[in-house]
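Undergrad: can you look at this prediction? I've put the sequence above it.
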Amino acid sequence: MKKFVNDPAKFVPEFMKGIALANPDLLDFNEEFQMVTRKSGPSSSKVSIVQGSGSGHEPAHVMAVGPGMLTAACQGAVFAAPPVDACYETIKAAASDAGVLVLVNNYQGDRMAWDMATEMATAEGINARQFWINDDVAVEDSLYTVGRRGVAGNFFVMKACGAAAEAGASLDEVEAVAKKVNDNVRSMGVALTSCIPPAKGTPIFELGDDEIEVGVGIHGEPGRRREKIHSADAITEELFEAVSSDIPFKSGDRVAIMVNGLGGTPITELYVIYAKAHELAEKAGFTVVRNYVGEYCTSLEMAGASLTILKLDDELEKLLAAPAETAARIF
Amino acid sequence: MKKFVNDPAKFVPEFMKGIALANPDLLDFNEEFQMVTRKSGPSSSKVSIVQGSGSGHEPAHVMAVGPGMLTAACQGAVFAAPPVDACYETIKAAASDAGVLVLVNNYQGDRMAWDMATEMATAEGINARQFWINDDVAVEDSLYTVGRRGVAGNFFVMKACGAAAEAGASLDEVEAVAKKVNDNVRSMGVALTSCIPPAKGTPIFELGDDEIEVGVGIHGEPGRRREKIHSADAITEELFEAVSSDIPFKSGDRVAIMVNGLGGTPITELYVIYAKAHELAEKAGFTVVRNYVGEYCTSLEMAGASLTILKLDDELEKLLAAPAETAARIF
Amino acid sequence: MSAIPQADIERAIRTTAATVLRNEHYFSDLDGLAGDGDFGTSLATGFRVIDNEWGEIDKSNIGAMLLKISMLVSKHVGGSSGPIWGTGFMKAAMLTRGKEEISLDELAEMLGAAIEGIQARGGAKLGDKTLLDALIPVHETLKGHCAAGDKAAALKDCAGVAEQAIDETRTLVAHRGRASQVGERSANTPDPGIVSIAVILNDWCKEFGIANTPTVAEVVNQPA
Amino acid sequence: MSAIPQADIERAIRTTAATVLRNEHYFSDLDGLAGDGDFGTSLATGFRVIDNEWGEIDKSNIGAMLLKISMLVSKHVGGSSGPIWGTGFMKAAMLTRGKEEISLDELAEMLGAAIEGIQARGGAKLGDKTLLDALIPVHETLKGHCAAGDKAAALKDCAGVAEQAIDETRTLVAHRGRASQVGERSANTPDPGIVSIAVILNDWCKEFGIANTPTVAEVVNQPA
Ligand SMILES: Nc1ncnc2c1ncn2[C@@H]1O[C@H](COP(=O)(O)OP(=O)(O)O)[C@@H](O)[C@H]1O
Ligand SMILES: Nc1ncnc2c1ncn2[C@@H]1O[C@H](COP(=O)(O)OP(=O)(O)O)[C@@H](O)[C@H]1O
Ligand SMILES: [Mg+2]
Ligand SMILES: [Mg+2]
Ligand SMILES: [Mg+2]
Ligand SMILES: [Mg+2]
């Protein structure tokens, strides 16, 4: 295992400390619960948005905390849902009179933890609600899930809900935004390599030197099939077909396209995929009005990428275009 | 070789096409010269800034074109300086009455190409000047260089010069900014793995399973030494010592710190390094006023990182804080 | 004679902690065969705290103690195991409030309540290849011993039944709802949750001096 | 009898293009031993265009033709090779403006001018393990043949001298100014630029029917 790691057991709190030190004006970091909160705290008149899951997917989710995005987030160990208490403390830290929307990617462990935490928070009088994200078209059921998995489409749910909350939407309205995004977003990924959780020290699955896993999950879960590697264009066609055929996208639709890197793939390769995806989208009669090429939901150092398409309407376009400030930044 | 690539010979124009398609309002792409220019074109009253080198270092340099950063940039094949004509066309595309500053990382191939191009442009009456960046403290002379190499510190030169030009500084003034940044910025990198240029198809150098190359160049050039891998903290200490001891940094200095990923290292590991670097900087009495954690100057999919420290003054702080818009973005 | 004093429950919990800590890597490795390899670490993180804080844990009665255990699990165990084990201890705690000893009947009720809670929490059923495939037959066995009231015989039989569950579920495709196309990776691997139950019960036998000779590979091969 | 008609220079250039294209991967592999493995590809990218556009290249005289070659190299060859080869062709072109044949003397002057230009451009000197370590002795050899004027003998000797340069520089540390601590990787590898000159001269011998038997491994082993 070749990584920048000290004690693998401290990997998560150490990188979270780095994020906190790098963003002192934006974030507060609570080491006990591996939780990050907006420095400005929740606003009593605005809905709070929280999320949390196993780590290893950064910048999701703790690097998505900030004005216009999440109010708070917590991280479990690598690929392990956070403990119930951390989820509960995160909801509490985000508590607002306007309510708390908990965005959960659809994995068994995360759902159970947030279920319990939401019940506990509700018992304490906090107005908290859960919403499950499940944008991955690769497989119906998978390791760790009943139903589809939540993957990079999660970014759009956070972004749109964050913008709606910032604009003063009610809890019902923000939940409706989450539902609209989730109903209109689809993703599928492909892995070129496996990845090594620091505490495990060995690859999470094995892939032959010339093999790729099409439809891979962000924890290395099996996808649709294993294939011999082929050209970037052919892979992009396969992803585009799977993603775009899953909801009734139709010619004339305005869409956002995301090409998400899984951690070990350089940005240039993502742009090779984007070039083809953009071409296919235009051929299908879509108008690409927004695009996102980079790392949004990763799987440690896995080489690979996922393609996400989101069907837009005026409301979503406006919400995506709204400003947001997070630890994920360039300048 | 497991990559998202079609014909390796077309890798560079294909990813550039992706960048162009993804940023239609920001950039124009000229495939013949593998050149990207600001959509808005050069301004006759503002100094233009151009750069170009071999590709494989993205987001440097073509993804750094845009208001507040570069006016134009061109890319050679992976790790190969662009042809002279491309450099010449890039200067021409950026020609401004206020002059053109050509920022060149100090590599033999790049310097020769930009030398010739600048001569040609000057012969045509364009007021163009070159500035060489050489922030890498690892080795005095290296493969492809006489003197030190230019690496991730290049970002700060581009950013500060871009902001100064935007603010209306003269060519002399912008050149003075370049010199000030270059005089006050130092970097050193470490590689955990090699990388594979698509056209080569095999790793550019070999590194044992438990070995790291300390002081590696961004084309895989040898560094100071090969070592057994050790903890992230120990590696960070080594980088920090090398970088911070190279110029007379002193207690009380205000600095910017960059932890730059070389392409295959996940952001979380970069934050583990940042946490330690920040601690060491504070211990040394520096005040860290800006930080940059992510990918700024990569080496394809190489796993590794570099540390850059820039000593700030009021002018540089203001220039770094100025807004800029590039193809490298999150939202 | 079938009463179980609080001291025995305390011994069982401390033994469980020792078992989980000793098997941290082993359980994670088993989870890595078809899953994500975090089961052992997740569980050990919680039981390490239980072990370290043992002196301070409220032991005024069995229910108070189990409630505290449940809280420590909720605080420190991540992954699916946190909610599952946390819910189990919580349900058991609710039936033992104020009690300083329990009968075999009550023990069976506690386990029944834990099973119900886990099912409500995670939606798994018998045959989904989860630790419920060990807990449910263990519960049945325990109920069958209530009338006779021989604690030692009950524990020994429960350990045997849990062990069998490893083999009986080995060839099942994990987990509930998991589609067949992604099943191959788990089709011939033991479920780590089931193994953990069998190993714990085997260790309880040792702790209480009850002769029990494991035969299933995963229990035989656990680190000593 | 020592005059070289434009037709021979055209043949030499076309042969060079064929040599470079045939050796694209081989030259890159050699560059990969201690460098970045792009030498063959960079050079081939330019010579492929020269080959494809051969029909349209202005051949009104030697100088015009070499100027066009230089421009195509500047346009299509990246890396260090672009400026080096581009400068070389440019300097040679400047001495042959309007000429339709040249003498051996003039050929030697052209090469001398190219060498000077390359040195001015990149600052390398004899012994820095660059293609100058082939070009400079070849230039000396060529000058030595001017008086006698035997073109065939001159070319054969030049090819031999270039070949020797591979072996003579093999154990040098590349490149100019390269610090010793980073030198090991290149300390026992041939310089690809030197090899390319030797291979090209050997192919010129073949093209012009001059018997020449290479003995140095890199020339012997080039792809047929
Ligand atoms: N829904 C469920 N109900 C009961 N037990 C479950 C359920 N899901 C998983 N398990 C048990 O938990 C074990 C895995 O735990 P762990 O590795 O902590 O969770 P994760 O699968 O989230 O990584 C499995 O071996 C199985 O026995
Ligand atoms: N400064 C120089 N002067 C002359 N020849 C040089 C110089 N630098 C490199 N070369 C030659 O160019 C060859 C490498 O070319 P190439 O691979 O295209 O460039 P790069 O080193 O930029 O990748 C070397 O083998 C050497 O013979
Ligand atoms: Mg897990
Ligand atoms: Mg090169
Ligand atoms: Mg697990
Ligand atoms: Mg080279």
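TA: Cool, the structure landed. Ligands and ions are numbered 1, 2, ... in the order given.
Undergrad: would you say C:Leu43 is within a strand?
TA: No - under DSSP: H, G, I helix; E, B strand; the rest coil, C:Leu43 falls outside any strand and is assigned helix.
Undergrad: for it, give me its contacts.
TA: With contact set as Cβ atoms under 8 Å, 6 or more residues apart in numbering or on different chains, C:Leu43 has these partners: C:Val20, C:Glu24, C:Phe27, C:Val77, C:Ser81, C:Trp85, C:Ser196. The way it works is simple: take the backbone N, C-alpha and C, and place the C-beta from them, glycine included.
Undergrad: for the residue in the stretch 201-331 of chain A that ligand 2 sits nearest to, which non-adjacent residue is closest in space?
TA: Closest residue of the stretch 201-331 of chain A to ligand 2, Cβ to the nearest ligand atom: A:Thr268 (18.9 Å). Spatial nearest neighbour of A:Thr268, chain neighbours left out: B:Phe15 (4.2 Å); criterion: Cβ to Cβ, 6 or more residues apart in numbering or on different chains.
Undergrad: ok, now which ones touch the one you found?
TA: A:Thr268, A:Glu269, A:Tyr271, A:Val272, A:Ala275, B:Ser55, B:Glu58.
Undergrad: among those, which are in strands?
TA: The strands, defined by DSSP state E, take in B:Ser55 from the contacts of B:Phe15.
Undergrad: widest-spaced pair of the contacts of B:Phe15?
TA: Largest separation among the contacts of B:Phe15 by Cβ to Cβ: A:Ala275 and B:Ser55, giving 14.8 Å.
Undergrad: quick check: which element contains the closest residue to A:Glu31 other than its chain neighbours?
TA: Excluding the flanking residues, the one nearest A:Glu31 by Cβ to Cβ, 6+ apart is A:Pro13, at 5.4 Å. In this structure, A:Pro13 is located in helix A:11-22 according to DSSP states H and E.
Undergrad: downstream of that helix, the next helix or strand is which one?
TA: Heading C-terminal from helix A:11-22 (DSSP H and E), you reach strand A:27-30.
Undergrad: pLDDT of that following strand, averaged?
TA: Mean pLDDT, strand A:27-30: 98.
Undergrad: need the residues that contact it.
TA: A:16-17, A:19-20, A:35-39, A:65-66, A:89, A:93, A:327.
Undergrad: go on, stretch C:163-174?
TA: With Cβ under 8 Å, 6+ apart, stretch C:163-174 has contacts from A:143, C:34-35, C:127-130, C:133-134, C:137, C:180, C:183, C:186-191, C:194-195, C:197-198, C:201-202, C:214-216, C:218-219.
Undergrad: can I get the buried ones among those as something I can paste into PyMOL?
TA: Remark: buried members of the contacts of stretch C:163-174, expressed as a PyMOL selection using 16 or more other Cβ atoms under 10 Å in any protein chain shown:
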select buried, (chain A and resi 143) or (chain C and resi 34+35+128+129+130+133+134+137+183+186+189+190+191+194+195+197+198+201+202+214+216+218+219)
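Undergrad: near ligand 2 too, which of the contacts of stretch C:163-174?
TA: For ligand 2, no contacts are drawn from those by Cβ under 6 Å from any ligand atom.
Undergrad: which ones are touching A:Thr145?
TA: A:Asn106, A:Tyr107, A:Gln108, A:Asn134, C:Gly177.
Undergrad: can you report phi and psi for it?
TA: Phi and psi for A:Thr145, reported as degrees, to the nearest 10, are phi -130, psi 150.
Undergrad: A:Ile133 now?
TA: phi -100, psi 130.
Undergrad: thought A:Val104 was touching it, still the case?
TA: Yes - counting by Cβ atoms under 8 Å, A:Ile133 touches A:Val104, with 6.9 Å between them.
Undergrad: helices and strands around whichever strand or helix holds A:Lys180, which ones?
TA: A:Lys180 belongs to helix A:171-184 when assigned by DSSP H and E. With contacts defined as 3 or more Cβ pairs under 8 Å, 6 or more residues apart in numbering or on different chains; DSSP states H and E, helix A:171-184 has these neighbours: strand A:100-105, strand A:128-133, helix A:154-166, strand A:304-311, helix A:314-321.
Undergrad: angle of it against helix A:154-166?
TA: Going by axes from the mean of the first three to the mean of the last three Cα atoms, to 10 degrees, helix A:171-184 is angled at 160 degrees with respect to helix A:154-166.
Undergrad: helix A:171-184: how far from the chain's middle?
TA: Helix A:171-184 has its average C-alpha position 16 Å from the chain's average C-alpha position, going by Cα atoms, centre = their mean, to the nearest Å.
Undergrad: so for that helix, mean pLDDT?
TA: On average, the pLDDT along helix A:171-184 is 98.
Undergrad: could you do stretch A:211-223 as well?
TA: 93.
Undergrad: contact partners for the residue in the stretch 201-331 of chain A that ligand 4 sits nearest to?
TA: Minimum separation of the stretch 201-331 of chain A from ligand 4 (Cβ to the ion) falls at A:Thr268, amounting to 16.8 Å. Contacts of A:Thr268 were listed using Cβ under 8 Å, 6+ apart, and they are B:Phe11, B:Phe15, B:Ser55, B:Gly56, B:Glu58, B:Leu300.
Undergrad: ok, A:Asp313 next?
TA: A:Lys180, A:Arg254.
Undergrad: backbone dihedrals for it, both of them.
TA: phi -130, psi -180.
Undergrad: what about the closest residue to ligand 3 within chain A, which SS state?
TA: Distances between chain A and ligand 3 by Cβ to the ion are smallest at A:Ala80, namely 4.1 Å. Secondary structure, three-state DSSP: A:Ala80 is coil.
Undergrad: at which residues are the strands of chain C located?
TA: Going by DSSP E, chain C shows strands at C:4-5, C:101-102.
Undergrad: and the helix or strand of chain A with the lowest mean pLDDT, how far out from the chain middle?
TA: Lowest on mean pLDDT, DSSP states H and E among the helices and strands of chain A sits strand A:225-228, with a mean of 94. Relative to its chain's centre, strand A:225-228 lies at 25 Å (Cα atoms, centre = their mean).
Undergrad: against which helices or strands is that strand packed?
TA: strand A:211-214.
Undergrad: near chain B, anything from the strand it packs on?
TA: Yes - against chain B, strand A:211-214 shows contacts by Cβ under 8 Å from any Cβ of the partner chain at A:Ile212.
Undergrad: pLDDT score for the residue nearest the centre of chain C?
TA: Chain C has C:Ile197 as the residue nearest its centroid, 4.0 Å off, counting by Cα atoms, centre = their mean. At C:Ile197, the model reports a pLDDT of 98.
Undergrad: try C:Ala44
TA: 97.
Undergrad: my read: it touches C:Arg22, true?
TA: No - assessed by Cβ under 8 Å, C:Ala44 is found out of contact with C:Arg22, at 9.1 Å.
Undergrad: tally of neighbours for C:Val49?
TA: Counted with other Cβ atoms under 10 Å in any protein chain shown, residues neighbouring C:Val49 total 16.
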